[in-house]
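In: Give me the fold of what follows.
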Amino acid sequence: MFPENFVWGASTSSYQIEGAVDVDGRGKSIWDTYSHTPGRIKNGDTGDIACDHYHRWPEDVELLARGGFTAYRFSVAWPRILPDGAGAVEQRGLDFYDRLVDGLASRGITPWLCLYHWDLPQVLQDKGGWVSRVTAQTFADYAAVVAKRLGDRVKHWATFNEPNVHAMFGYGDGSHAPGVKGLPNMLAAMHHQNLGHGRAVQALRAEGTDFRVGSIVALQRIRPSADRDEDRRAVERFDAMWNGACLDPLKLGRYPDAVAADFAPLIMADDLVTMHQPIDFVGMNFYGPIYAQDAPASLFGAWFGPRPSDMPVTAMGWPVDPTALTEQLIRVSERYDRPDIYVTENGACYDDTVGTDGTVHDQARLAYLRDHLNAAQRAIPAGVNLRGYFVWSLLDNFEWSEGFSRRFGIVRVDFNTLRRTPKASYQWLSEFFARQKRR
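Out: Numbers count the residues shown, from 1 in each chain. The predicted structure is shown next:
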């Protein structure tokens, strides 16, 4: 059993589900540009329609309510609100999130708003994007616009979703939008997102003294691919870059020792002080352990390596080991003096089979969720202040460079008809939540 008042949520992101990319004055994002670039996305898929959540949100809120979810973590599309990245506010974009927040409240679901889930306005990318320091302040200005409109009802705020992943793949190896490559670009993107976080926290605090504010980082257990000194050293560097570079500055006011020299040229007066704002929670996205190996020719000298041959994997090829979640929760808790932690994403991609009656018996996903919930619970007696769990994801969606070929949802979306069908995992979670509430 989990503690009383534990938060049971589901997560989504704007570009992956909203669609309506040319509706109500929305500007282009870097993912609009990237997905329309030939060869970037599997099968040429785009998020132009996605799940059409922009128009079908009442149905999706009803799915949350029927499933017994007490919270919904969604992201706001920056170009929907500020089509030019800054300046004139598109009120119709804010109106959409107004309707969504009110709809959630009417069904007893607490909104958790994430300001940035990778969909930077393209006009800002044209000026350098996150490689430019200016974007950090522009982001804080955007945060203030959203808080002014929604802060009377939204009290839980996340500045970023996975800035480490966004910087590494979007600005480092180029496999995500905006498709920029190179270590200097990656480091600058990380640093300026950290700076943007600090300035946005200041902006949010100015708008609402009752806000609970944090950031969400992909935090995985890093293990050596082989029993070699080189791979153990690679783990130290990979761990510092993946787990530490976007959280240590926020919680400790410094970069991890193993990569501090990499970031030193980027640090200007008061940067670390600005990043080190008091926050109310750490959001932890977890999917599985990462196996790292020495790779001198890679982006930062350490990279993904082979997993143990007997370890199960998801359809994404990601290792499945629930013990790594328990270990990482304890590690994060101890490193940052026992903060409130929310698992803000956890889930699995599998090749679902649709029955002749239209049902989806996704037993592999169901087992993954069951085992990881057990693993999360085991961290609590070890002293972890675990306060909530959000499944990724409510809906099958546009899975970035994989397009619509990969499904993480507990609700199936037919991307031809957009019909929603709850899977067996949805039903299992609903029953699990009900048992927790009846105790």
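In: mind listing the helices for the stretch 1-150 of the chain?
Out: 14-17, 30-35, 53-67, 78-81, 91-106, 122-125, 134-150 (DSSP state H, counting those that start in this stretch).
In: can you list these in JSON lines and add mean neighbour count and distance to L299?
Out: All C-beta atoms are positioned from the backbone trio N, CA, C, and that covers glycine. Output for the helices of the stretch 1-150 of the chain, formatted as JSON lines (neighbours: other Cβ atoms under 10 Å; distance: least, Cβ to Cβ, whole Å):
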{"stretch": "helix 14-17", "mean neighbour count": "26", "distance to L299": "24"}
{"stretch": "helix 30-35", "mean neighbour count": "23", "distance to L299": "19"}
{"stretch": "helix 53-67", "mean neighbour count": "18", "distance to L299": "34"}
{"stretch": "helix 78-81", "mean neighbour count": "27", "distance to L299": "26"}
{"stretch": "helix 91-106", "mean neighbour count": "17", "distance to L299": "35"}
{"stretch": "helix 122-125", "mean neighbour count": "22", "distance to L299": "20"}
{"stretch": "helix 134-150", "mean neighbour count": "21", "distance to L299": "21"}
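In: Quick check: which of those helices is nearest to M190?
Out: Proximity to M190 (Cβ to Cβ) singles out helix 134-150 among the helices of the stretch 1-150 of the chain, at 11.6 Å.
In: about what we covered before: can you say which of the helices of the stretch 1-150 of the chain is nearest to Q436?
Out: When the helices of the stretch 1-150 of the chain are compared by Cβ to Cβ, helix 53-67 sits nearest Q436, at 12.9 Å.
In: Let me know the angle separating the closest one from helix 91-106.
Out: When axes from the mean of the first three to the mean of the last three Cα atoms, to 10 degrees is applied, the directions of helix 53-67 and helix 91-106 differ by 10 degrees.
In: Give me the residues contacting helix 53-67.
Out: Here helix 53-67 makes contact (Cβ atoms under 8 Å, 6 or more residues apart in numbering) with 10, 12, 17-20, 23, 51, 72, 96, 99-100, 103-104, 107-109, 394-395, 410-411, 418, 420, 422, 426, 429-430, 433.
In: In strands, which of those appear?
Out: Judged by DSSP state E, the subset of these located in strands is 10, 72, 411, 420, 422.
In: picking that back up, any chance of the helices of the stretch 1-150 of the chain in TSV, with distance to A189 and mean pLDDT too?
Out: Shown next, in TSV, are the helices of the stretch 1-150 of the chain (distance: least, Cβ to Cβ, whole Å; pLDDT from 0 to 100):
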stretch	distance to A189	mean pLDDT
helix 14-17	18	99
helix 30-35	12	98
helix 53-67	27	98
helix 78-81	16	98
helix 91-106	25	98
helix 122-125	11	98
helix 134-150	9	98
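In: if we can go back for a sec, who wins for most neighbours among the ones in strands among the contacts of helix 53-67?
Out: Neighbour tally across the ones in strands among the contacts of helix 53-67 (other Cβ atoms under 10 Å): the maximum, 29 neighbours, falls on A10.
In: who touches that residue in this structure?
Out: So A10 contacts 64, 67, 69, 71-73, 390-394, 410 (Cβ under 8 Å, 6+ apart).
In: Between the residues you listed, which sits nearest P319?
Out: Comparing these against P319 with Cβ to Cβ places W392 closest, at 16.5 Å.
In: count of residues packed around D352?
Out: Other residues close to D352 by other Cβ under 10 Å number 18.
In: So it, which state does it fall into?
Out: The three-state assignment at D352 reads coil, by DSSP: H, G, I helix; E, B strand; the rest coil.
In: any chance of the helices of the stretch 1-150 of the chain in JSON lines, plus distance to D270?
Out: Output for the helices of the stretch 1-150 of the chain, formatted as JSON lines (distance: least, Cβ to Cβ, whole Å):
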{"stretch": "helix 14-17", "distance to D270": "31"}
{"stretch": "helix 30-35", "distance to D270": "29"}
{"stretch": "helix 53-67", "distance to D270": "39"}
{"stretch": "helix 78-81", "distance to D270": "25"}
{"stretch": "helix 91-106", "distance to D270": "32"}
{"stretch": "helix 122-125", "distance to D270": "23"}
{"stretch": "helix 134-150", "distance to D270": "12"}
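In: Nearest to R438, out of those?
Out: Using Cβ to Cβ, the helices of the stretch 1-150 of the chain put helix 53-67 closest to R438, at 15.7 Å.
In: which element is the residue lying closest to G172 once chain neighbours are set aside on?
Out: Closest residue to G172 apart from its sequence neighbours, by Cβ to Cβ, 6 or more residues apart in numbering: M186 at 3.4 Å. Here M186 sits within helix 183-207, counting by DSSP states H and E.
In: distance between stretch 303-322 and the chain's centre?
Out: 20 Å (Cα atoms, centre = their mean, to the nearest Å).
In: Could you list the buried residues of it?
Out: Applying a neighbour-count criterion of 16 or more other Cβ atoms under 10 Å, one finds 303, 305, 307, 314-315, 318-322 buried in stretch 303-322.
In: Ok, stretch 245-253 next?
Out: Neighbour-count burial for stretch 245-253 flags 245-252 (criterion: 16+ other Cβ under 10 Å).
In: Can you tell me how far the residue nearest to G172 is from V123?
Out: To V123, M186 is 22 Å away according to Cβ to Cβ, to the nearest Å.
In: Equivalent analysis for L299, please.
Out: For L299, the distance to V123 - Cβ to Cβ - is 27 Å.
In: and what of A324?
Out: Distance of A324 to V123, given as Cβ to Cβ: 40 Å.
In: T421 pairs with what?
Out: With DSSP bridges as the criterion, T421 is bridged to R412.
In: distance of it from T359?
Out: Separation of T421 from T359 (Cβ to Cβ): 7 Å.
In: Same question for Y54.
Out: Note on Y54: its distance to T359, by Cβ to Cβ, is 27 Å.
In: quick one, what contacts V411?
Out: Neighbour list for V411: 63, 394-396, 420-423, 426 [criterion: Cβ under 8 Å, 6+ apart].
In: mind putting these in JSON lines, distance to A260 included?
Out: JSON lines is the format used below for the contacts of V411 (distance: Cβ to Cβ, whole Å):
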{"residue": "L63", "distance to A260": "45"}
{"residue": "L394", "distance to A260": "39"}
{"residue": "L395", "distance to A260": "40"}
{"residue": "D396", "distance to A260": "41"}
{"residue": "R420", "distance to A260": "47"}
{"residue": "T421", "distance to A260": "49"}
{"residue": "P422", "distance to A260": "47"}
{"residue": "K423", "distance to A260": "45"}
{"residue": "Y426", "distance to A260": "44"}
